[in-house]
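Novice: how does the following fold in three dimensions:
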Amino acid sequence: MGMKVHLPRGFSNGSRISGQGCPFYQNYTKGSLENGFGAPRTPLGITHFFPKLGVLLIVVLALSGSLYWAASISATSGGNVFRGYRRLQENLVAELSVISDMSLGGTKLRELEFCSPEYEDYVPCYCNVSEKSDVVDPDRLVQYDRTCIQGPNRDHNCLVLPPRNYRIPLRWPTGRDFIWKENVKITGHEFSSGSLMKRMMVEEEQISFRSDSLMVDGVEDYAHQIAEMIGLMNESNFNEAGVRTVLDIGCGFGSFGAYLFTKQVLTLCIANYESSGSQVQITLERGIPAILASFTSKQLPFPYLSFDMLHCTRCGIEWEMNDGIFLVEVDRLLRPGGYFVWTSAASSHRTARDKDSEKWAFIREFAESLCWDMLSQQDETIVWKKTSRKKCYNYRKFGPTFCEKSHDIESPFYQPLQHCIRGTRSQRWIPIEDRRPWPLQANLNSTELNLYGVHPEDFAEDTVYWNAVIRNYWSLLSPLIFSDHPKRPGDEDPSPPFNMLRNVLDMNARFGGLNAALLDAGKSVWVMNVVPTSGPDHLPLILDRGFIGVQHDWCEAFPTYPRTYDMVHAEGLLSLEAHPRRRCSITDILLEVDRILRPEGWLILHDTVPLIEEARTMTTQLKWDARLIDLESNSDAKLLICQKPFFRRQQY
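Specialist: Numbers count the residues shown, from 1 in each chain. Reported below is the predicted structural model:
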């Protein structure tokens, strides 16, 4: 069983988007190559003589036209030339680029069409597994599981538009407490009351997560309670106790993570796919880390020993199901000395005293077999601590067996759930209380780097490189955003704020250098560090630095809703996916970026010249505004900065 929420089935207008129970499979680019980048080569032959002759004439006419245009400039006033020069120059470059493609045997790239309205919250890969049942029950809980299908079945090649009344999210930190109601798929009454983490106030245009008190849902008192149960003075001492990263299961609307962020604790929300009233969508809208994931049947895409705390407040998981296999997954993800916090009516004192409560008895005994110590119980909240003592595993009398030594514990990319425990055989088995507190843990020393097979010189060079890169990126983005790139006609350009970006996704994170450099520069951002499955796996290193991240195959859709990131960054990703075998096209990857990027959001691509130039030609299809930037004169790489325009849906 996965995380459960009462949800309406399908979409609001009585229509349903599905493919054998799945809402749109991930492969949605018609006509792209099955295993290649770019357009297919056409065979050479005599039949191409006349088209090439035509292309030659077009080139001659274009060059003649450009010479005429240059000559006419002298007769034009200087002011008019300056205002129109950049646009004319870009148009000419674009036209010559198309001509170049035609001369190579390609075809002119057409702009993609916009999707119909039912696609506005489109998330590929998630199948309604509850539809497989023969029993038709409208009140039954809808459950989804991730299933991506690769191959030629591509049924979607349009650009996802925002809702009709979509508005640019408020800047951080204001956007943490107020979001535009029309930006998310929620009616307002679905979660207006209920559990601790699912309360909010719906106003005329906004959804508010604040009241006259600090937080509308009492999360400050709740966090203070957890700190006391652990034995701390208050929640400000979490970091001193080794708690830096928290996985919040079924997080409601992210208020727990929003509050802990002020205490230097980074919380990642996970929740199942929901067709409406989404926890993940609203949490990301608030600028809090979140990702679609569930305990349904597969391991979460994080390695062994990833988090300092796992938190579940009425998350809907039946921990006793399947002989406690979900508790085994919690144990896999927790670091030694880490905490599992469970708040549920099933764990109340009254239930615990009930002799007939087999569910509670099983959970309590199973936790003991995992070498967890129950620290405290208050009302409906229980805190367990995973042991830091290796000897405990040798004296267990019952419980899960150890996994075989051949079992891969660091690359669990959507592997089936396992009923075995990993024990203490990892070199990363380091109790959280023995780890350096944040932010010192972000700068790994030579002894720590040896655990991951990384040379200290390479790590130091990476740090220096990314600090310089961030300074360059900010100097490039600031004038583009706030001077010559206005996107809202009629609005005055605001002065550049320090927090112009909040949600950042790094598609090829390596050591997490971009993340570290942004924090060193004082930027109020969080970064989803993505480690491609086709490249080196440095995700354990990234997580041990106190960052968050995930493994992902970029030939599949990323597990998030549309419009959830302000900036997407990719250095070397296109080269990585192009070698050694081309499993998906650049178009596939950029279409996915367009889906998850917010209107007015930015994409920064850094790669080899041929791949960047190929990506540049595709920006026309995607209707992006693109700037190509040369690096050093002797460099074989280029930088492509793209902005996704804000296209409003037409009124019907």
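Novice: quick one, what contacts residue 399?
Specialist: 366, 369, 370, 421 (Cβ atoms under 8 Å, 6 or more residues apart in numbering). C-betas here are computed from N, CA, C, even on glycine.
Novice: show me where the stretch 551-652 of the chain has its strands.
Specialist: 565-571, 597-608, 625-630, 637-643 (DSSP state E, counting those that start in this stretch).
Novice: elements contacting the longest one?
Specialist: Spelled out, it's strand 597-608. strand 565-571, helix 573-578, helix 609-618, strand 637-643 (3 or more Cβ pairs under 8 Å, 6 or more residues apart in numbering; DSSP states H and E).
Novice: what helix or strand is residue 529 on?
Specialist: For residue 529, the element it lies in under DSSP states H and E is strand 526-532.
Novice: contacts for the next helix or strand after that strand?
Specialist: Using DSSP H and E, the next helix or strand after strand 526-532 towards the C-terminus is helix 539-544. Helix 539-544 is touched from outside by 245, 302-307, 410, 428, 441, 444, 448-449, 452, 454, 509, 511-512, 515, 529, 531, 549-551, with contacts defined as Cβ under 8 Å, 6+ apart.
Novice: please flag which of those residues sit within helices.
Specialist: When DSSP state H is applied, those are split such that 448, 449, 515 fall in helices.
Novice: residue 479: which of those is nearest?
Specialist: Checking the ones in helices among the contacts of helix 539-544 against residue 479 by Cβ to Cβ gives residue 515 as the nearest, at 24.3 Å.
Novice: check contacts around the closest one.
Specialist: 506, 509, 527, 529, 542, 547.
Novice: could you dump those to TSV with distance to residue 595?
Specialist: Shown next, in TSV, are the contacts of residue 515 (distance: Cβ to Cβ, whole Å):
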residue	distance to residue 595
506	17
509	20
527	19
529	20
542	24
547	24
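Novice: turn those residues into TSV, columns for pLDDT, distance to residue 276 and neighbour count.
Specialist: Shown next, in TSV, are these (pLDDT from 0 to 100; distance: Cβ to Cβ, whole Å; neighbours: other Cβ atoms under 10 Å):
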residue	pLDDT	distance to residue 276	neighbour count
506	98	30	26
509	98	32	27
527	98	29	25
529	98	30	27
542	98	33	28
547	98	31	25
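Novice: quick one: pLDDT of the nearest residue to residue 126 once chain neighbours are set aside?
Specialist: Nearest residue to residue 126 in three dimensions, chain neighbours excluded: residue 273, at 4.0 Å (Cβ to Cβ, 6 or more residues apart in numbering). At residue 273, the model reports a pLDDT of 89.
Novice: just the element for residue 338, please.
Specialist: strand 334-343.
Novice: which strands or helices does that strand pack on?
Specialist: Counting by 3+ Cβ pairs under 8 Å, 6+ apart, strand 334-343 packs on strand 307-313, strand 381-386.
Novice: what pairs with it, parallel or antiparallel?
Specialist: strand 307-313 (parallel), strand 381-386 (antiparallel) (DSSP bridges).
Novice: could I get the average pLDDT for that strand?
Specialist: 97.
Novice: run the chain-centre distance for that strand.
Specialist: Centroid separation for strand 334-343 versus its chain: 24 Å, with Cα atoms, centre = their mean, to the nearest Å.
Novice: also stretch 423-440?
Specialist: 26 Å.
Novice: likewise for stretch 396-410?
Specialist: On Cα atoms, centre = their mean, the centre of stretch 396-410 falls 30 Å from the chain's centre.
Novice: offset the numbering so it begins at 27, please.
Specialist: With the count now opening at 27, the last piece we talked about shows up as stretch 422-436.
Novice: buried stuff in it?
Specialist: 425, 426, 429, 435 (16 or more other Cβ atoms under 10 Å).
Novice: and for stretch 630-648?
Specialist: Going by 16+ other Cβ under 10 Å, stretch 630-648 has these buried residues: 630-634, 637-638, 640-648.
Novice: so which of the residues you listed is the closest to residue 672?
Specialist: residue 648 (14.0 Å).
Novice: who are the contact partners of that closest one?
Specialist: Residue 648 sits in contact with 137, 138, 185, 616, 617, 620, 670, where contact means Cβ under 8 Å, 6+ apart.
Novice: how near is the fourth one to residue 390?
Specialist: When Cβ to Cβ, to the nearest Å is applied, the distance between residue 616 and residue 390 equals 51 Å.
Novice: more neighbours: the two, which one.
Specialist: residue 616 (24 against 16; other Cβ atoms under 10 Å).
Novice: returning to that earlier point: need the strands of the stretch 577-678 of the chain in CSV (columns: distance to residue 149).
Specialist: What follows is the strands of the stretch 577-678 of the chain, written out as CSV (distance: least, Cβ to Cβ, whole Å):
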stretch, distance to residue 149
strand 591-597, 14
strand 623-634, 15
strand 651-656, 26
strand 663-669, 23
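Novice: so which of the ones you listed comes closest to residue 294?
Specialist: strand 591-597 (14.5 Å).
Novice: which strands or helices does the closest one pack on?
Specialist: Using 3+ Cβ pairs under 8 Å, 6+ apart: strand 591-597 touches strand 529-532, helix 612-622, strand 623-634.
Novice: tell me the helices and strands packed up against the second one.
Specialist: Applying 3+ Cβ pairs under 8 Å, 6+ apart, one finds that helix 612-622 makes contact with strand 591-597, helix 599-604, helix 635-644.
Novice: which residues in the stretch 127-276 of the chain form helices?
Specialist: For the stretch 127-276 of the chain, the helices defined by DSSP state H, counting those that start in this stretch occupy 200-203, 245-256.
Novice: by mean pLDDT, which helix or strand of this protein comes out lowest?
Specialist: The helix or strand of the chain with the lowest confidence, counting by mean pLDDT, DSSP states H and E, is helix 104-129 at a mean of 39.
Novice: hmm, back to that, strand partners (parallel or antiparallel) of the strand holding residue 555?
Specialist: strand 529-532 (parallel), strand 574-578 (parallel).
Novice: chain center to that strand, what's the gap?
Specialist: The answer for strand 552-558 is 7 Å, by Cα atoms, centre = their mean.
Novice: for stretch 273-285, same thing?
Specialist: Per Cα atoms, centre = their mean, the centroid offset for stretch 273-285 relative to its chain is 16 Å.
Novice: same deal with stretch 633-649?
Specialist: 23 Å.
Novice: from one end of it to the other, what's the distance?
Specialist: One end of stretch 633-649 to the other measures 21 Å (Cα to Cα, to the nearest Å).
Novice: for the record, mean pLDDT for it?
Specialist: On average, stretch 633-649 scores 94.
Novice: kindly report the same for stretch 328-336.
Specialist: 96.
Novice: need the contact partners of that stretch.
Specialist: By Cβ under 8 Å, 6+ apart, stretch 328-336 touches 268-273, 275, 356, 358-362, 364-367, 435-438, 448, 452, 454-455, 458, 563, 565-566, 569, 576-577.
Novice: show me which of the residues you listed are buried.
Specialist: 268-273, 275, 356, 358-362, 364-367, 435, 438, 448, 452, 454, 458, 563, 565-566, 569, 576-577.
Novice: residues contacting residue 438?
Specialist: By Cβ under 8 Å, 6+ apart, the neighbours of residue 438 are 325, 326, 327, 328, 329, 330, 358, 577.
Novice: alright, I will stop here.
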